[in-house]
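A.B. asks: Everything below, folded, please.
(chains A, B, C and D)
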2 protein chains.
Amino acid sequence: MLTEIREKILKGTIQVFNKKGLKLTMDDVADELKISKKTIYKEFSGKDEIFETMVDYVFDNIKAREKEILNSDGYTTIEKIRLFLSAMPESYRNINFQELYSLKDKYPKVYKKLQKRLETGWAPAFKLLEQGKEEGIIRQDADLKIFKIMMEASLERFFEKNVMKGSSKKYNDYLNEVVDILLNGISA
Amino acid sequence: MLTEIREKILKGTIQVFNKKGLKLTMDDVADELKISKKTIYKEFSGKDEIFETMVDYVFDNIKAREKEILNSDGYTTIEKIRLFLSAMPESYRNINFQELYSLKDKYPKVYKKLQKRLETGWAPAFKLLEQGKEEGIIRQDADLKIFKIMMEASLERFFEKNVMKGSSKKYNDYLNEVVDILLNGISA
DNA sequence: CGGAAACTAAATTTGTAAATTCAGTTTCCG
DNA sequence: CGGAAACTGAATTTACAAATTTAGTTTCCG
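C.D. replies: Reported below is the predicted structural model:
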């Protein structure tokens, strides 16, 4: 588990990351948290380790949320799928994903971890969807790989700026509509 | 209408554009067509005009294709919608769209024309979809604006490289599956 | 211990002058 | 007329040194 001080630093880093993006400095983080850099360096070996731990932190939270849904009783498979898919984008809201991808060049190790965790994060969704196929509520011939690509592309587009300006709809309504259309699209 | 020589130059330009992208030179085009630059400059005032005419050329072809579908008899509304939506990405295959967007900075006028034609290209699709709503085959509460964003995001992702490597599926099968899922997703 | 602030070496950004490329024109030639 | 090739000024790219920023450390202090 995470110590209190480490979690505090991670939360602060995410704060600053969402504001200043990849270009955040250690001084930024220290200022944000009103602690000195010394404290940060006592907990983390450097910027690389902070970023790596940050990715783990974000995805561990998503994973916990997903586990909750998977283990909960009283939901049908289709309800679980819907909850599960909706949980993904909601969790992503905590951190600027577009910006996370920009770590690719300067922090390839962090980027690889990000990709790996995105991949494993989808695994239980695939399991649920396969189960849905067996139960006959998902179309047998639905291509789940394409489904995944479409969902990722659509969500990423929504995370970009100005996509939904000039509309009265709320952010979450959009995400739900995306999940609805896609899930409907592969339903039997 | 387009003279033969102008069309030849446009086709050659698209050829080179798909290979070298935004950075194509007039010499490239002349070499590709095995004509001299002089001939090109006799037909076009310059690079700007070629790019502009190129966008018109591409979209006029798409438009003709779409008109054909719209005016054809013997199709139900839903069939027309499916044909119409499938025609879009197929037409896009003739030119590298990802690269077209990169004209934004250096050729803002061309980019604006591109955006305008993309917008007006969607208009008949919206009309068909609205008609589908009236006929009760499209969900009344389906958000067509989101539908459009999802379709664009999904198709653009497929136009990027390596999305479907390692699969036996053919390119067009993918595009059809995308249209299927989305259309199913908003169907009543 | 931990904060404030100074410090250093390395990385990043900036400015810019030289080198290269390219759009558009011109010349010569068949 | 149109091809081949040379030409020019403007734009773009390259190269590189100077200036700035920043990661990580150290010092001093309460």
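
A.B. asks: Quick one: distance of the helix of greatest length in chain A to the chain centre.
C.D. replies: In chain A, assigned by DSSP state H, the helix with the most residues is helix A:108-135. How far helix A:108-135 lies from its chain's middle: 11 Å, per C-alpha atoms, centre = their mean, to the nearest Å.

A.B. asks: Could you do stretch A:55-64 as well?
C.D. replies: Distance, centroid of stretch A:55-64 to centroid of chain: 8 Å (C-alpha atoms, centre = their mean).

A.B. asks: ok, and what's touching that stretch?
C.D. replies: Residues outside stretch A:55-64 that contact it (C-beta atoms under 8 Å, 6 or more residues apart in numbering or on different chains) are A:2, A:7, A:10, A:14, A:87-88, A:91-92, A:94-95, A:100, A:110, A:113-114, A:117, A:121. To be clear about C-beta, it is placed using only N, CA and C from the backbone, and glycine gets the same treatment.

A.B. asks: quick one: low-confidence ranges for chain A?
C.D. replies: Low-confidence segments of chain A, defined by pLDDT under 70, span residues A:161-168.

A.B. asks: Which residues of it lie near chain B?
C.D. replies: Selection of chain A residues close to chain B by C-beta under 8 Å from any C-beta of the partner chain yields A:142-143, A:145-147, A:149-150, A:152-154, A:156-158, A:163, A:167, A:169, A:174, A:177-178, A:180-187.

A.B. asks: Tell me the buried residues within the residues you listed.
C.D. replies: Neighbour-count burial (16 or more other C-beta atoms under 10 Å in any protein chain shown) applied to these gives A:142-143, A:145-147, A:149-150, A:152-154, A:156-158, A:174, A:177-178, A:180-186.

A.B. asks: circling back to that earlier point, ok, the longest helix of chain A near DNA strand D or not?
C.D. replies: No: Helix A:108-135 does not reach DNA strand D (C-beta under 7 Å from any atom of the strand); its nearest approach is 12.8 Å.

A.B. asks: anything in that helix near DNA strand C?
C.D. replies: No: Helix A:108-135 does not reach DNA strand C (C-beta under 7 Å from any atom of the strand); its nearest approach is 12.5 Å.

A.B. asks: Up against DNA strand C, what does chain A have?
C.D. replies: A:K23, A:K34, A:I35, A:S36, A:K37, A:K38, A:T39, A:K42, A:K106.

A.B. asks: Would you convert the residues you listed into JSON lines that also reports neighbour count?
C.D. replies: Shown next, in JSON lines, are the residues of chain A next to DNA strand C (neighbours: other C-beta atoms under 10 Å in any protein chain shown):
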{"residue": "A:K23", "neighbour count": "11"}
{"residue": "A:K34", "neighbour count": "7"}
{"residue": "A:I35", "neighbour count": "15"}
{"residue": "A:S36", "neighbour count": "12"}
{"residue": "A:K37", "neighbour count": "13"}
{"residue": "A:K38", "neighbour count": "8"}
{"residue": "A:T39", "neighbour count": "14"}
{"residue": "A:K42", "neighbour count": "9"}
{"residue": "A:K106", "neighbour count": "13"}
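
A.B. asks: which pair in these spans the largest distance?
C.D. replies: With C-beta to C-beta as the measure, no two of these lie farther apart than A:K34 and A:K106, at 26.9 Å.

A.B. asks: before we move on, the earlier item: closest one of the residues of chain A next to DNA strand C to A:Q131?
C.D. replies: Nearest to A:Q131 among those, with distances taken as C-beta to C-beta, is A:K106, at 40.1 Å.

A.B. asks: returning to what we had before: closest one of the contacts of stretch A:55-64 to DNA strand D?
C.D. replies: A:V110 (13.0 Å; C-beta to the nearest atom of the strand).

A.B. asks: thought the closest one was touching A:E52?
C.D. replies: Yes: shown here, A:V110 and A:E52 form a contact pair, counting by C-beta atoms under 8 Å, at 5.3 Å.

A.B. asks: Of those two, which one has the most company?
C.D. replies: A:V110 (22 against 17; other C-beta atoms under 10 Å in any protein chain shown).

A.B. asks: OK, contacts around the more buried one?
C.D. replies: A:D48, A:F51, A:E52, A:V55, A:L103 are the contacts of A:V110 under C-beta under 8 Å, 6+ apart.

A.B. asks: For the residue of chain A most remote from its centre, pull up the helix or strand it's in.
C.D. replies: Taking C-alpha atoms, centre = their mean, the residue of chain A most remote from its mean C-alpha position is A:K38, at 30.3 Å. Per DSSP states H and E: A:K38 is located in helix A:37-43.

A.B. asks: got a list of what the residue sitting nearest the centre point of chain A touches?
C.D. replies: Residue closest to the mean C-alpha point of chain A, counted by C-alpha atoms, centre = their mean, is A:Y92 at 3.5 Å. A:Y92 makes contacts with A:I62, A:L155, A:F159, as judged by C-beta under 8 Å, 6+ apart.

A.B. asks: so which of those comes closest to DNA strand D?
C.D. replies: Distances from DNA strand D to the contacts of A:Y92, taken by C-beta to the nearest atom of the strand, are shortest for A:F159, at 24.6 Å.

A.B. asks: my guess is the closest one meets A:E99, correct?
C.D. replies: No: using C-beta under 8 Å, A:F159 is not in contact with A:E99; the gap is 9.7 Å.

A.B. asks: Provide the secondary structure category for A:K145.
C.D. replies: Secondary structure for A:K145, judged by DSSP: H, G, I helix; E, B strand; the rest coil, is helix.
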